[in-house]
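1. Got a sequence here, can you model it:
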Amino acid sequence: MTIDIRLPAGGWDPREHQKNLWGYLEGGGKRAIAIWHRRAGKDEVCLHYAMRALWLRPGNYWHCLPEYAQARKAIWDAVNPHTGKRRIDEAFPENLRETTREHDMHIRFKNGSTWSCIGSDSYDRTVGASAAGLTYSEYALCNPSAWAYHRPMLEENNGWAIFISTPRGRNHAFDMLNHARRADGWFSEVLTAVDTGTLTQDQLNDSLAEYVALYGVDAGRAAYEQEYMCSFTASILGAFYALEMAEVRQEGRVLDIEPDLDRPVHRAWDLGVRDDTAIWWYQARGSQLLILDVMAGSGVGVEHFRDEIFQRHEERGWIHGDDYVPHDAKIKEWGSGRTRVETMQSMGLSPLLVPLAGLEDGINAVRRTLPLCVFHPRCEPGLAALEQYQREWDDDKKAFKLNPLHNWTSHYADAFRYLAQGWRPAPKRVIKVTQPAGFTLPPPPTTPRRGIRL
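-> Got it, this is the predicted structure:
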């Protein structure tokens, strides 16, 4: 049986502004980051290159979206309006496929290769797998922990990784771009709508007018600058801590800092059941907070986090402090029939309940706390999360909802909210009471910590 093969498929050729990236990849390049404007054809290039790569070298290839649920709409079911065909059908010829599984967005090819969509929100589902090539689509919105997890796989297999995105502030994608500009063997490129010329000025004017109509003049222009002019300084729409996090970056408060080794280092937790658990390490120094480390994980028990905590403290010589946990930790269970507080206590941790407060109060506490913070560079995944933590958009009402968008940033942000609510000692309350003659009031109780010890 003879199979007619021409790759890229369907007579596709890269457009002029896509040729630099395509040429680098076709020449064997292994690491690339392309910050291109909206509608520049970022995914288009990567889909066609994945087909070429998987046919030449059998292996597993992935296309990673920020969330798994987004992949179906953005990639799997996406239709090219110019041809009326699905994007994946244009890139991956059906005569080269063995099977196509619609339910889990997976294609197996006749040479043994596979291609599938995954999400950075569930990157741990790829445990035990092996990849030869990986595209991160909208990398600025992806969980940066996914790359830390996938990178060893690609290094072991001499595989390639492409990071494509529009900007979302000076987060991990911005840092990746700066790294790529300095590192040998990397491709990096920023292309605005002016650079590519793919959109007419009238189209750009219409896009700007639509953004302004949706979000107002200031926010609308910021959205336009971000999406079409690739601005890393435009504020993220609906971000809770946009101003505070911008000041952290502008004032240079991401530094190589070390705590006082004679004083304890505390931790603040967001405890997940099915979602991620996130932990921040910190130490108060006067009115300043040293934010020393952060981690997040899912699908593991408290033992995993206990071991990681003990290892980090031992390696760095940190004294163990308290573990600030949400108030409902005394109610919810960790699958063992005990409350989470009891489980943590049995494992040598020191849980304190953060005072019960509403979401808005907690967000205000973070806004008051962030100006006092200096972050260690190892906190970058958490910094990116705080920058992107935003309100959910109501497309029907064309307005932001009061509640946050629940995605990978939520767990980092919730843990930091508990940090902000728990780190500062409770203020002393002075109560004046008129007492009868000859009566002496007992001494007031002390409140050395804001948390509640169980």
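
2. Show me the shaky parts of the stretch 351-454 of the chain.
-> The stretch 351-454 of the chain contains residues with pLDDT under 70 at 398, 425-454.

3. could you show me where the strands are in it, in order?
-> Secondary structure of the stretch 351-454 of the chain (DSSP state E, counting those that start in this stretch): strands at 351-353, 373-375, 391-394, 399-404, 452-453.

4. how about JSON lines for the ones you listed, with mean neighbour count added?
-> Where C-beta positions appear, they are placed from N, C-alpha and C, glycine not excepted. Listed next are the strands of the stretch 351-454 of the chain as JSON lines, based on neighbours: other C-beta atoms under 10 Å:
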{"stretch": "strand 351-353", "mean neighbour count": "22"}
{"stretch": "strand 373-375", "mean neighbour count": "22"}
{"stretch": "strand 391-394", "mean neighbour count": "14"}
{"stretch": "strand 399-404", "mean neighbour count": "13"}
{"stretch": "strand 452-453", "mean neighbour count": "12"}
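
5. so can I have CSV of those showing distance to G27?
-> Shown next, in CSV, are these (distance: least, C-beta to C-beta, whole Å):
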stretch, distance to G27
strand 351-353, 54
strand 373-375, 39
strand 391-394, 41
strand 399-404, 44
strand 452-453, 61
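
6. So which of those strands is nearest Y123?
-> strand 399-404 (21.3 Å; C-beta to C-beta).

7. how distant is that closest one from the center of its chain?
-> 19 Å (C-alpha atoms, centre = their mean, to the nearest Å).

8. Strand partners (parallel or antiparallel) of that strand?
-> Neighbouring strands of strand 399-404 in its sheet, by DSSP bridges, are strand 391-394 (antiparallel).

9. Go ahead and name everything in contact with the strand it pairs with.
-> With C-beta atoms under 8 Å, 6 or more residues apart in numbering as the contact definition, strand 391-394 has outside contacts at 237-238, 240, 399-406.

10. Need the max-distance pair from the residues you listed.
-> For the contacts of strand 391-394, the maximum inter-member distance is 18.0 Å, found between A399 and H406 (C-beta to C-beta).

11. Among the strands of the stretch 351-454 of the chain, single out whichever gets nearest to R31.
-> R31 sits nearest to strand 373-375 of all the strands of the stretch 351-454 of the chain, at 26.3 Å, using C-beta to C-beta.

12. rewinding a little: so which of the strands of the stretch 351-454 of the chain is nearest I35?
-> So among the strands of the stretch 351-454 of the chain, strand 391-394 is nearest, using C-beta to C-beta, at 22.8 Å.

13. Check which helices and strands the helix or strand harbouring R151 is in contact with.
-> Element membership of R151 [criterion: DSSP states H and E] is helix 145-157. With contacts taken as 3 or more C-beta pairs under 8 Å, 6 or more residues apart in numbering; DSSP states H and E, helix 145-157 sits against strand 133-137, strand 160-165.

14. Rebuild those strands as a markdown table, extending it with mean neighbour count, distance to L47 and mean pLDDT.
-> Output for the helices and strands packed on helix 145-157, formatted as a markdown table (neighbours: other C-beta atoms under 10 Å; distance: least, C-beta to C-beta, whole Å; pLDDT from 0 to 100):
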| stretch | mean neighbour count | distance to L47 | mean pLDDT |
| --- | --- | --- | --- |
| strand 133-137 | 25 | 8 | 98 |
| strand 160-165 | 24 | 11 | 98 |
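
15. Now render these as a markdown table, adding distance to E98.
-> Shown next, in a markdown table, are those (distance: least, C-beta to C-beta, whole Å):
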| stretch | distance to E98 |
| --- | --- |
| strand 133-137 | 18 |
| strand 160-165 | 23 |
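
16. shaky segments in the stretch 1-150 of the chain?
-> 1-4.

17. rerun that using 80 as the cut-off
-> 1-6, 124, 127-128 (pLDDT under 80).

18. got the residue ranges for the helices in it?
-> 19-26, 42-56, 68-71, 87-91, 145-157 (DSSP state H, counting those that start in this stretch).

19. Give me the angle between the longest one and strand 160-165.
-> Orientation of helix 42-56 against strand 160-165 (axes from the mean of the first three to the mean of the last three C-alpha atoms, to 10 degrees) gives an angle of 170 degrees.

20. Distance of the residue positioned nearest the centre of the chain relative to C64?
-> The chain has N143 as the residue nearest its centroid, 3.1 Å off, counting by C-alpha atoms, centre = their mean. Using C-beta to C-beta, to the nearest Å, N143 is found at 10 Å from C64.

21. Equivalent analysis for A268, please.
-> 29 Å.

22. overlap in contacts of N143 and C64?
-> By C-beta under 8 Å, 6+ apart, the residues touching both N143 and C64 are 120, 123.

23. Just tell me which of the strands of the stretch 351-454 of the chain ends up closest to F163.
-> With C-beta to C-beta, the closest approach to F163 among these belongs to strand 373-375: 23.0 Å.

24. what sits up against that closest one?
-> The contact list for strand 373-375 (C-beta under 8 Å, 6+ apart) reads 248, 253-255, 257, 288-291, 382-383.

25. at 7 Å instead, please
-> 248, 253-255, 257, 288-291, 383 (C-beta atoms under 7 Å, 6 or more residues apart in numbering).

26. Just among the residues you listed, which is most surrounded?
-> Comparing these on neighbour count, I291 comes out first with 27 neighbours (neighbours: other C-beta atoms under 10 Å).

27. Excluding sequence neighbours, find me the nearest residue to it.
-> Of all residues not flanking I291 in the chain, F375 sits nearest, at 4.6 Å (C-beta to C-beta, 6 or more residues apart in numbering).

28. So if we follow the domain assignment, how does this structure break up?
-> According to automatic domain parsing, the chain comprises the domains 9-196, 201-237, 264-422.

29. Who are the contact partners of the closest residue in space to D77 that isn't next to it in sequence?
-> Spatial nearest neighbour of D77, excluding adjacent residues (C-beta to C-beta, 6+ apart): R86 at 6.7 Å. By C-beta under 7 Å, 6+ apart, the contact list for R86 reads 77-79.

30. Specify the beta-bridge partners of R86.
-> Note on R86: beta-bridge partners by DSSP bridges are V79.

31. oh, and call the first residue 35 from now on, that's how I've got it
-> Sure, I'll start counting at 35 from here, so that last one is R120.

32. gap between D236 and A243?
-> 10 Å.

33. between the two, which one's more packed in?
-> Ranked by neighbour count (other C-beta under 10 Å), D236 and A243 place A243 first, with 12 against 8.
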